[in-house]
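J.: Build the 3D model from these lines:
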Amino acid sequence: ILLIILVSMISFVGIFVQDTKFMRNILPEYQLGMDLAGYRAISIAVNDGTETIYYDKDGNQVDTEAEDGTSEEVPINSEEVLTGENYQKTKQIIEDRLLDLGITEYLVRLNEDNGTITVQIPEDDMTDTASQFLYTPGKFTIEDEDGNVLMDNSNLERVQIGYGQSSSTTTAGTTVYINFVFNEDSVEKFKEITNTYVESTDEEGNDTSKEISLNIDGSALITTSFNQEISNGILQLSMGTATDNETFNSYLQQASNIAILLNNGPMDIEYTVDQNRYIKSDLTVENMLIPAIIVGV
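T.: Predicted coordinates for the structure are as follows:
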């Protein structure tokens, strides 16, 4: 009871200490989690680096240096994307991701001149995971075997997660699913993809399937072909089948992270981590004893 009263007093009144001739509240704009347990201060800056682009002898862009080809250094972030509007968009994406992660206590500051963003979040078990969501671009693509982009974030309406009992006769357990739901304008386009990139073999039994890869930030989540047409605009993938709670929660967390990343849209600007450090709380035991003594009396 004493602890409840103490925390309530601190929350609504504050803690005051002698400061020269006046009493000063040492908990202005009080925030319970960050002020009592400390917080993580993470600063991300616009990536000002360059990348090398390679061309073959005919001027076509290729992945690696080509014989008789050329190359050029280009900025990772072009001048066209470094706008105040995109800085604000990035800040909003970060705030939306934090809320979806269940982090309601945070502080996000934007330097509108250079796009640098500073975030303060409580130090707890979620901090390291949450920090990755501050700078991960969240770019979704479906690409063919030559790297041509067939669909991207603009084709996604939402990403859903779910689970159910496995229908397999050999594997009993709970299967975690992730559904990529394409928007109304892209349903027909995805249907065409499922009719083009199909499983097939030649007369000798060799695999001649045409495959697509589903990528997030350039890394393939899955490479596959289709054995039937999908006309409802939903691509369902299994994250895995679990037979125990720990494995189930792991699959569910992976699916949830993907959904949070993609449902809030991609960042147009690429960022790098400039600072990531723990800030210890200024609140001391001596400070806490003051209201405790008062309440005790």
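J.: Tell me which residues touch Thr104, please.
T.: Residues near Thr104 by CB atoms under 8 Å, 6 or more residues apart in numbering: none. For glycine as for every other residue, the C-beta is placed from the backbone atoms N, C-alpha and C.
J.: roughly how far apart are it and Gly162?
T.: Distance of Thr104 to Gly162, given as CB to CB, to the nearest Å: 25 Å.
J.: now Ser78
T.: Ser78 is 39 Å from Gly162, by CB to CB.
J.: and the two? which has more neighbours close in?
T.: Neighbours per residue (other CB atoms under 10 Å) separate Ser78 from Gly162, with Gly162 holding more: 12 against 9.
J.: is that one in a bridge, and if so with what?
T.: Bridge pairing for Gly162 (DSSP bridges) gives the partners Tyr177.
J.: That one is in contact with Val181, isn't it?
T.: No: look at Gly162 against Val181 with CB atoms under 8 Å: they stay out of range, at 11.7 Å.
J.: Val46 against Ile269, yeah?
T.: Yes: with contacts counted by CB under 8 Å, Val46 reaches Ile269, the gap being 6.0 Å.
J.: Quick check: neighbours shared by these two?
T.: 77, 82, 115.
J.: Tell me who's in contact with the last one.
T.: The one in question is Gly115. Contacts of Gly115 (CB under 8 Å, 6+ apart): 45-46, 82, 86-87, 90, 269.
J.: what ranges do the strands span in the stretch 151-297 of the chain?
T.: 156-165, 174-182, 212-216, 219-224, 234-242, 271-279 (DSSP state E, counting those that start in this stretch).
J.: In terms of secondary structure, what does the longest one contact?
T.: Here strand 156-165 touches strand 174-182, helix 245-263, going by 3 or more CB pairs under 8 Å, 6 or more residues apart in numbering; DSSP states H and E.
J.: Ok, the fourth one next?
T.: Identification of packing neighbours for strand 219-224 by 3+ CB pairs under 8 Å, 6+ apart yields strand 212-216.
J.: Direction included, what does the strand it packs on pair against?
T.: When DSSP bridges is applied, strand 212-216 pairs with strand 140-143 (antiparallel), strand 219-224 (antiparallel).
J.: winner for burial among these?
T.: Highest mean neighbour count among the strands paired with strand 212-216 (mean count of other CB atoms under 10 Å): strand 140-143, with a mean of 21.
J.: hang on, the earlier thing: which pair in the contacts of Gly115 has the greatest spatial separation?
T.: Pairwise distances across the contacts of Gly115 (CB to CB) peak at 14.3 Å, for the pair Ala45 and Asn86.
J.: Return the residues in contact with Val81.
T.: Residues near Val81 by CB under 8 Å, 6+ apart: 268-269.
J.: Against Gln88, how distant is it?
T.: Distance from Val81 to Gln88, counting by CB to CB: 13 Å.
J.: can you check Thr194 too?
T.: Thr194 is 38 Å from Gln88, where distance means CB to CB.
J.: again, but for Ser166
T.: 45 Å.
J.: higher neighbour count, Thr194 and Gln88?
T.: More neighbours surround Thr194 than the other of Thr194 and Gln88, with 17 against 13 (other CB under 10 Å).
J.: OK, contacts around the more buried one?
T.: Thr194 makes contact with 226, 228-230, according to CB under 8 Å, 6+ apart.
J.: if we go to 10 Å?
T.: 212, 225-231, 235 (CB atoms under 10 Å, 6 or more residues apart in numbering).
J.: what's the answer for Glu85, then?
T.: The contact partners of Glu85, by CB under 10 Å, 6+ apart, come to Asp268.
J.: and Arg158, how many neighbours?
T.: The number of residues packed near Arg158 is 12, by other CB under 10 Å.
J.: tally of neighbours for the spatially closest residue to it that is not a sequence neighbour?
T.: Distance criterion CB to CB, 6 or more residues apart in numbering; nearest residue to Arg158, sequence neighbours excluded, is Val181 at 5.2 Å. Neighbourhood size, Val181 [other CB under 10 Å]: 16.
J.: And Ile269, by the same measure?
T.: Ile269: 21 surrounding residues under other CB under 10 Å.
J.: Does it touch Glu79 like I think?
T.: No: using CB atoms under 10 Å as the test, Ile269 is too far from Glu79 to be in contact (11.4 Å).
J.: now, of the helices and strands packed on strand 156-165, which is deepest in the fold?
T.: The most buried one of the helices and strands packed on strand 156-165 (mean count of other CB under 10 Å) is strand 174-182, showing a mean of 20.
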